[in-house]
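> I would like to see how this sequence folds:
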Amino acid sequence: SNEDKWVLTKLEETVKNVCGNIDNYEVGVALSSIYDFIWDIYCDWYIELSKPSVQAGGERGLVAQNVLAYVLRETLKLLHPFMPFITEEIYQALPHDCESIMISEYPKACDCRSFPADAEKMTKIIDAIKAIRARRSEMNVPPSKKAALYVLAAKPQIFAEGEGFLQRLAYADAVSLLEK
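Numbers count the residues shown, from 1 in each chain. Here you go, the predicted structure:
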């Protein structure tokens, strides 16, 4: 799904960034990249985006669970040099393929886990949700009050794919898509 490909692409960008910064002895910048990924991408967005799939179960739910676990494992590996004991403890609680995170392979950049076109679609949906939330906040509309949402876009099919996310995360009761 687009949200899975989006998080995998973001993880790939983070791996490239972290490895490049470590190679250049920019340890603080590398750690900041990991922090930003964990909070801004994984926790703030991907966990919320994957909830409907996990709750629905079936094959789609299993895929979402596997992506959640994979991304968490790879993030722990990135974080391990900075926080060895806690990352080892969490790693041991997850399904893993190595005796210890310390001897597991450190993540390497690989374009095979990058899906820029799908990630761009998801980024547009997330940007729209952020903009809607900001507008609702500016207008003092409480999250409990659902409102009709009209999306005017050059490519409304992108938002049609993310209609469920718009309803749930932008607090819309109905979404109408209009083409420019």
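> need the strands for the protein, in chain order.
With DSSP state E, the ranges of strands along the chain come out as 147-153, 172-179.
> With just CA atoms, put the last one into PDB.
Coordinates of the C-alpha atoms in strand 172-179 are reproduced here as PDB (Å, rounded to 0.1, in the frame of the first residue of the first chain):
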ATOM      1  CA  ALA A 172     -14.000  14.800   8.100                       C
ATOM      2  CA  ASP A 173     -17.400  13.100   8.000                       C
ATOM      3  CA  ALA A 174     -17.600  13.200   4.200                       C
ATOM      4  CA  VAL A 175     -15.000  13.900   1.500                       C
ATOM      5  CA  SER A 176     -15.900  15.300  -1.800                       C
ATOM      6  CA  LEU A 177     -13.200  15.300  -4.500                       C
ATOM      7  CA  LEU A 178     -13.300  18.000  -7.200                       C
ATOM      8  CA  GLU A 179     -11.000  18.400 -10.200                       C
END
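> if we can go back for a sec, export the strands of the chain as JSON lines, with columns for mean neighbour count.
Using the backbone N, CA and C atoms, a C-beta is placed for each residue, glycine as well. As requested, those are exported to JSON lines (neighbours: other Cβ atoms under 10 Å):
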{"stretch": "strand 147-153", "mean neighbour count": "14"}
{"stretch": "strand 172-179", "mean neighbour count": "14"}
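> Of those strands, which is nearest Glu163?
Glu163 sits nearest to strand 172-179 of all the strands of the chain, at 5.0 Å, using Cβ to Cβ.
> What helices and strands are in contact with the closest one?
Applying 3 or more Cβ pairs under 8 Å, 6 or more residues apart in numbering; DSSP states H and E, one finds that strand 172-179 makes contact with strand 147-153, helix 156-161, helix 163-169.
> Would you mark the buried spots in the last one?
Read that as helix 163-169. Within helix 163-169, the residues scored as buried using 16 or more other Cβ atoms under 10 Å are 163, 165-166, 169.
> Repeat that for stretch 126-136.
Of all the residues in stretch 126-136, those buried under the rule 16+ other Cβ under 10 Å are 126, 128-129, 132, 136.
> Can you check which of the strands of the chain gets nearest to Ser53?
That would be, of the strands of the chain and by Cβ to Cβ, strand 172-179, which comes in at 18.9 Å.
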